[in-house]
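Novice: Task: produce atomic coordinates for the following.
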Amino acid sequence: MRILFFLFFISLQVFSQNLKSIDIKKGISLQIPDNFNLMSDDDIAQKYPSYRKPLAVYSNSKKSVDIGVNYTINKWNNSNLSILKSMYKATISSVFTDVSFFQDGVIKKVNDRDFIVFEFISTLTEENGPNQGKSMRTYTYLAYTIFQKKVLVFNMNAEALERNNWAATFENVFGSIKISNKLELDAFTPFEAENKPVPKSSSTDTQLKLLKRLGKSRTKNPQ
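Specialist: This is a model prediction of the structure:
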């Protein structure tokens, strides 16, 4: 019995995460694991090749688990989250080779603000290039909310096999999000990082694809 209790105690130590509060910028705060650090511009450019820098990306020491915050360039002129939910679900399903949802666009309220939440494991199979046929599976927790006609995106991801280790932590991070009405979102500026690689198709630029496709769907957005 003592051995079982000891093993259970150890498992709690492994799977629970101590969180620390951070300010992404004036007006956005949340809690992240206390051993996560802000990724440098070069690291972001290497892992998430994009023409636009996210507000922030934090990662663990192995850079295998990320928590990022971003927002769309295009305006969203409709406050109906159900419409946005349908668009994002269709986009997520089209971006990946296969998707298994745990939370399928659930609308949740956190600190007096409504969010759309998608939690899923995705499979992305390379169709071309030297890695043709190779698949990558990722566990993702996405939360979207509308602020000043922009869509704020909170993106958390880990390897698919690590879902049981991170699901509760990601849910706690989501529950800690606070957005002030004083938040000011900067105008679009190109992402300039030293040693920035030429963007290429990979499983790590999926969020960029989601944002691009949302922009292309803008014409279908009811005004």
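Novice: so where's this structure shaky on pLDDT?
Specialist: 1-16, 50-51, 128-133, 187-223 (pLDDT under 70).
Novice: ok, which stretches of it are helices?
Specialist: 2-15, 41-47, 81-95, 163-175, 206-216 (DSSP state H).
Novice: Find the nearest non-adjacent residue to E159, please.
Specialist: S64 (6.2 Å; CB to CB, 6 or more residues apart in numbering). Heads up, the C-betas are built off the backbone N, CA and C, glycines and all.
Novice: Run a quick neighbour tally on the one you found.
Specialist: Neighbourhood size, S64 [other CB atoms under 10 Å]: 11.
Novice: got a list of what it touches?
Specialist: S64 is in contact with A158, E159, E162, counting by CB atoms under 8 Å, 6 or more residues apart in numbering.
Novice: nearest to Y88, of those residues?
Specialist: Distance to Y88, by CB to CB, is smallest for A158 among the contacts of S64, at 20.1 Å.
Novice: Can you verify my assumption that the closest one contacts S122?
Specialist: No - using CB atoms under 8 Å as the test, A158 is too far from S122 to be in contact (11.9 Å).
Novice: which residues do those two both contact?
Specialist: T138.
Novice: show me where this structure has strands.
Specialist: Taking DSSP state E to define them, one finds strands in the chain at 19-25, 28-33, 37-38, 56-59, 66-71, 98-110, 113-125, 135-147, 150-159, 178-179.
Novice: Which of the ones you listed sits closest to A45?
Specialist: The nearest among the strands of the chain, by CB to CB, is strand 56-59 at 10.6 Å.
Novice: Pull the residues that contact that closest one.
Specialist: 22, 24-25, 32, 36-39, 43-44, 48, 65-69.
Novice: Likewise for stretch 162-170?
Specialist: 14-17, 19, 33, 64-65, 102, 119, 121, 139, 141, 156, 158.
Novice: repeat that for 10 Å
Specialist: 14-19, 31-33, 60, 64-65, 67, 102, 119-121, 137-143, 154, 156-159, 173 (CB atoms under 10 Å, 6 or more residues apart in numbering).
Novice: Any of those buried? List them.
Specialist: Buried subset of the contacts of stretch 162-170 (neighbour count, 16 or more other CB atoms under 10 Å): 17, 19, 31-33, 60, 65, 67, 119-121, 137-143, 154, 156-158, 173.
Novice: how long is stretch 69-82 end to end?
Specialist: 22 Å (CA to CA, to the nearest Å).
Novice: in that stretch, what counts as buried?
Specialist: Result for stretch 69-82 [16+ other CB under 10 Å]: buried residues V69, N70, Y71, T72, N74, W76, L81.
Novice: Looking at these, which is nearest L183?
Specialist: Y71 (9.9 Å).
Novice: any idea how far the closest one is from S61?
Specialist: 27 Å (CB to CB, to the nearest Å).
Novice: which ones are touching the residue most central in space within the chain?
Specialist: For the chain, N155 is the residue whose C-alpha lies nearest the centre (CA atoms, centre = their mean; 1.0 Å). By CB under 10 Å, 6+ apart, N155 lies in contact with 48, 54, 57, 66-70, 140-144, 206-207, 210.
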